[in-house]
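> turn this into a structure:
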Amino acid sequence: MWFQLPFENIWIISQDKNMSTVKTRVTIGEVRTFLREEYAEPIRALHPLRGGEYSRAFAFDTSEGKYVIRANNTARTFRKDVYAYRHFRSDAVPIPKIIKIGRLNERLFFSISERVAGKVVEDFNTKDLNELLPQLMRTLDAIHSTKISSQGKRSGDLNMRGVGMSDSWRSYILSIQNKTGQEKEFFEEVEEKIRTLVRYCPEKRSLVHGDYGFNNVLADGKKITGVIDWGEMKYGDFLFDIAWLDFWSRDVQYAEKFKVHYKKVGIAVENYEERIACYQLFLGLSSFVFFVNSGQKKAARWVKKHTESILSSTIKNKNASRHAHGYRTVTSILG
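The predicted model follows:
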């Protein structure tokens, strides 16, 4: 998981007294020592990359090619990356090949993968990102269209064997719990709204990346070259990915742009606004829990405020819809 809050970079936040308690701690010296033992040939151009909220990532070259090594406290995400590569990779869904996973030392696990060309979409300026949006949309459409009929019938987060861990998609959305002991009133108010909106959420399953865009999609300026970090992948409603993008975006109104996109390509989407709102409220609560429990107080405050804004907008839109419906009814009678 990685995202950038509108006010500043999560990694910058993590440097002060609010530092995340889940961020993997590893030095470039430790990584260099490991790679020298792993490879008989010289390691060149070792340098850190912008990592996730959990993993640390480093690029390096050998005479054989260009690679990325990631370090994490657990191998869970790495094994899910392997599963995604073996089962979901295609020309339309470019997933870098995982070369090897294993133990880096007594504390950490590692994953070495092929390094694809390009840079993460988070590093594109607004103009270039807008030009890249059609490609970003087509790749996400391809992910959502990936065949999963042979992957069982369960939904929600996947385990390392690619099996959903929830009986249904709606039960997954309703499974969020306040494990912080804080902001009980806020949590209960948002939960109540989620319960009223979840009835609009379909049980039809699609492959959901769960962490799409920002630091997990690479592009060379013309096309998407890699979709990485499949640790949050799920089976469920494809609009979850749109809600995720829109929730964390600083500059792009992804929900509106995808709504236009779906209409343009002829994809019928029922209850679009209700489903997006439901998933954004879910993301708000789950992110609030994550930030509080990882000691990132500033990020937790921003997420709470952002979620309250979404909740308020959802209530206003519902009231406006009721008013408009009532007006149409009266005028139709009078007419």
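
> so for stretch 281-290, what gets flagged as buried?
Counting neighbours by 16 or more other C-beta atoms under 10 Å, one finds that the buried residues in stretch 281-290 are L281, F282, L283, G284, L285, S287, F288, V289, F290. All C-beta spots, glycine's among them, are computed from the backbone N, C-alpha and C.

> ugh, wrong one, I meant stretch 223-232
In terms of neighbour count (16+ other C-beta under 10 Å), stretch 223-232 has its buried residues at I224, T225, G226, V227, I228, D229, W230, G231, E232.

> convert the C-alpha atoms of that stretch to CSV, please.
Output of stretch 223-232 as CSV, limited to C-alpha atoms (Å, rounded to 0.1, in the frame of the first residue of the first chain):
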residue,chain,number,x,y,z
LYS,A,223,1.8,2.9,-22.6
ILE,A,224,1.5,1.1,-19.2
THR,A,225,4.6,-1.0,-18.8
GLY,A,226,3.9,-2.7,-15.4
VAL,A,227,1.3,-3.2,-12.7
ILE,A,228,2.9,-4.2,-9.5
ASP,A,229,2.2,-4.9,-5.8
TRP,A,230,-0.8,-7.2,-5.9
GLY,A,231,-0.9,-7.7,-2.1
GLU,A,232,-4.4,-6.1,-1.8
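
> run the chain-centre distance for it.
Averaged C-alpha coordinates place stretch 223-232 at 10 Å from its chain's average position (C-alpha atoms, centre = their mean, to the nearest Å).

> can you list contacts of it?
Here stretch 223-232 makes contact (C-beta atoms under 8 Å, 6 or more residues apart in numbering) with 1-2, 52, 54-55, 76-77, 80-81, 83-84, 93-96, 113, 116-118, 135-136, 138-139, 143, 157, 209-212, 215-219.

> same question for stretch 99-119.
24, 26, 30-31, 34, 38, 59, 65-75, 78-79, 81-82, 94, 96-98, 218-221, 225-226, 228.

> over to stretch 300-311?
For stretch 300-311, with C-beta under 8 Å, 6+ apart as the criterion, the contacting residues are 5-7, 183, 186, 189-190, 193, 247, 277, 280-281, 284-285, 287-288, 291-292.

> how about a cut-off of 7 Å?
Residues from elsewhere that reach stretch 300-311, judged by C-beta atoms under 7 Å, 6 or more residues apart in numbering: 5, 7, 183, 186, 189-190, 193, 277, 280-281, 284-285, 287-288, 291-292.

> same thing with stretch 121-139?
Outside stretch 121-139, the residues that touch it by C-beta under 7 Å, 6+ apart are 4, 92-93, 213-215, 217, 219, 221, 223-224, 227, 251-252, 257-258, 261.
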